[in-house]
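Participant: coords please:
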Amino acid sequence: MSYSVGQVAGFAGVTVRTLHHYDAIGLLVPSERSHAGHRRYSDADLDRLQQILFYRELGFPLDEVAALLDDPAADPRAHLRRQHELLTARIEKLQKMAAAVEHAMEARKMGINLTPEEKFEVFGDFDPDQYEDEVQERWGDTDAYRQSRERTASYTKEDWLRIQREADELTRRFVALMEAGEPADSEAAMDAAEEHRRGISRNHYDCGHEMHACLGEMYVSDERFTRNIDKARPGLAAYLRDAIVANAARHSS
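Facilitator: Below you'll find the predicted structure:
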């Protein structure tokens, strides 16, 4: 059984002009011609067209599609395996994109009024909305949470960039102390911990020394915090916690 160019265009959702072009460049040459010279496509031609459209959907240029399909070492099963791998990767990418859009839609929950592009510029791989539901469940009824939302609601991109610069500078300071062999309960480390506490109070909510010590414990008890902090240097989360606890003890005496 064979099909006309119009029928194939309807099956595949492409234009007749596209099929003519594929024929002209040798990518999809109809197996038959009618007595009048009209193109007639076989089932095998339709299979090849399906392969072409699949690779085109994934962004492959036509010359690469031709090279893939005409590879004598490839068999139909190899194409199916490759397509499965590519589709799986595409699905994962689309799921991440969908999640990013969803997070952007909910951005106002944290009072962070930034565009997605600005969020990437400010926070990099960290998504400030990622744990918002958990944060609201754990601390939503606290004065600190309400105060943080009120303060950050008016923050601009420049405000968040400033806060991020301050955090990065403090991280480098802690890393330098670790590499210099300074104990976590040294004056220098405790002074850095005090600056960390003041930064929270200045930018987010009033953070006393007792609350700060609780935050320090969370940095090591919650592996998500530990993993993120330790990106700068392995062991930094524990060092930061110890410095915070020592600083809190210093101010309580």
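Participant: Contacts only, for residue 203.
Facilitator: 151, 163, 166 (Cβ atoms under 8 Å, 6 or more residues apart in numbering). Heads up, the C-betas are built off the backbone N, CA and C, glycines and all.
Participant: try 7 Å
Facilitator: residue 163 (Cβ atoms under 7 Å, 6 or more residues apart in numbering).
Participant: same check, this time on residue 196
Facilitator: Per Cβ under 7 Å, 6+ apart, neighbours of residue 196: 170, 244.
Participant: The strand or helix carrying it: how far from the chain's middle?
Facilitator: Element membership for residue 196 (DSSP states H and E) is helix 187-203. Relative to the centre of its chain, helix 187-203 is centred 30 Å away, using Cα atoms, centre = their mean, to the nearest Å.
Participant: What segments of the stretch 51-200 of the chain are helices?
Facilitator: 62-69, 76-105, 116-123, 132-139, 143-152, 157-179, 187-203 (DSSP state H, counting those that start in this stretch).
Participant: Comparing the ones you listed, which yields the minimum mean pLDDT?
Facilitator: Here the lowest mean pLDDT among those goes to helix 132-139, at a mean of 47.
Participant: And residue 195, how far from residue 216?
Facilitator: Applying Cβ to Cβ, to the nearest Å, the value for residue 195 to residue 216 is 14 Å.
Participant: which one of these two has more residues nearby?
Facilitator: residue 216 (25 against 16; other Cβ atoms under 10 Å).
Participant: Now that one: which helix or strand?
Facilitator: In this structure, residue 216 sits in helix 209-221 according to DSSP H and E.
Participant: My guess is residue 236 contacts residue 226. True?
Facilitator: No: Residue 236 lies out of contact with residue 226 (Cβ atoms under 7 Å); the separation is 9.0 Å.
Participant: How many residues are close by the nearest residue to residue 216 once chain neighbours are set aside?
Facilitator: Spatial nearest neighbour of residue 216, chain neighbours left out: residue 244 (3.5 Å); criterion: Cβ to Cβ, 6 or more residues apart in numbering. By other Cβ under 10 Å, 26 other residues sit near residue 244.
Participant: who touches residue 244 in this structure?
Facilitator: By Cβ under 7 Å, 6+ apart, the contact list for residue 244 reads 193, 196, 212, 213, 216.
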